[in-house]
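In: Below are the sequence and a predicted model; questions follow.
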Amino acid sequence: MKKEYRSLPELAREQILCMLEDHRLGPGDAVSHRMLADELGMSTLSISSAFKTLEADGLIVTRNRSGSNIAVITPAAVWDLIQYRLAIELHGARLACYSATDKELTALAALAPAADGIGVHSELERVEADDRFHHALRQCAHTPSLLFPENYLRIFRLKLDMCAGLQIRPELLEDISRFTAHGHALIAEIAATRSAEQLAETLEFHICGLIGLPQLEELRRNSGKHLRRMDSFLSAQNDKTIRS
């Protein structure tokens, strides 16, 4: 298989992202071109180019004469991120119910097990499978403007991790264990019914159910009700299939 080519600035960016994901760098930490160039064994020019892209992602803040720091991600910033992601994904999901071909929906269902962690051997593989599933779902809308920029979901997850206290454990949510274990498979199953509103509601719960923002408290509080509605909907769809 042909190896993907990456420039030195891209490799520097990847190294810094890994440092953030591994918590070797954290919110508020001072960073400099020279410090990271020495640590990573790269030129300051490559680090400088990487800084520019990380600044654009909102992960590094540079102030004149004050140096650079890893950004402090606030709950307000995360809420803004979530609003953007929901606007794109929920609209795309609704369009997909009308635009997707049967072949595309079958392919989406085939991606679901790996996205749910079945048959993968590392968290990185699961995350990559998760990204492929959501990308495929957005592609089903046949609207290129609804496709996220490369690495968007990686940055989204990283900012959630950098904003302390937003992640809550699945066992703290009533009735959610089935959804966390088979959420992508359930989304694919609902997409196959082409019910736009049911798919959008389920996708919203999938994206937001484990994020501990105050604005999402009502969603978490009603998690059991949503899952029961989802089960009733799928049962009714299965009954229709059997009768037909």
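Out: Looks like it arrived, so ask away. Numbers count the residues shown, from 1 in each chain.

In: pLDDT value on the most centrally placed residue in the chain, please?
Out: Centroid-nearest residue in the chain, with Cα atoms, centre = their mean: L153, separated by 4.0 Å. Note on L153: pLDDT of 90.

In: List the contacts of it.
Out: Contact analysis of L153 by Cβ atoms under 8 Å, 6 or more residues apart in numbering lists 130-131, 134. Backbone N, C-alpha and C define where each C-beta goes, glycine included.

In: do that again at 7 Å, thanks
Out: By Cβ atoms under 7 Å, 6 or more residues apart in numbering, the residues touching L153 are 131, 134.

In: so when I look at it, I'm seeing a strand, right?
Out: No - with DSSP: H, G, I helix; E, B strand; the rest coil as the criterion, L153 is assigned helix and is not in a strand.

In: Which parts of the longest helix along the chain count as buried, going by neighbours?
Out: The longest helix of the chain (DSSP state H) is helix 75-99. Neighbour counts over helix 75-99 (16 or more other Cβ atoms under 10 Å) mark 75, 78-79, 81-82, 85, 88-90, 92-97 as buried.

In: Quick one: residues contacting R13.
Out: Contacts of R13 by Cβ under 7 Å, 6+ apart are 50, 53-54.

In: circling back to that earlier point, quick check: mean pLDDT of the longest helix of the chain?
Out: Averaged across helix 75-99, pLDDT comes to 94.

In: which secondary structure elements does it contact?
Out: helix 123-139, helix 152-162, helix 196-208 (3 or more Cβ pairs under 7 Å, 6 or more residues apart in numbering; DSSP states H and E).
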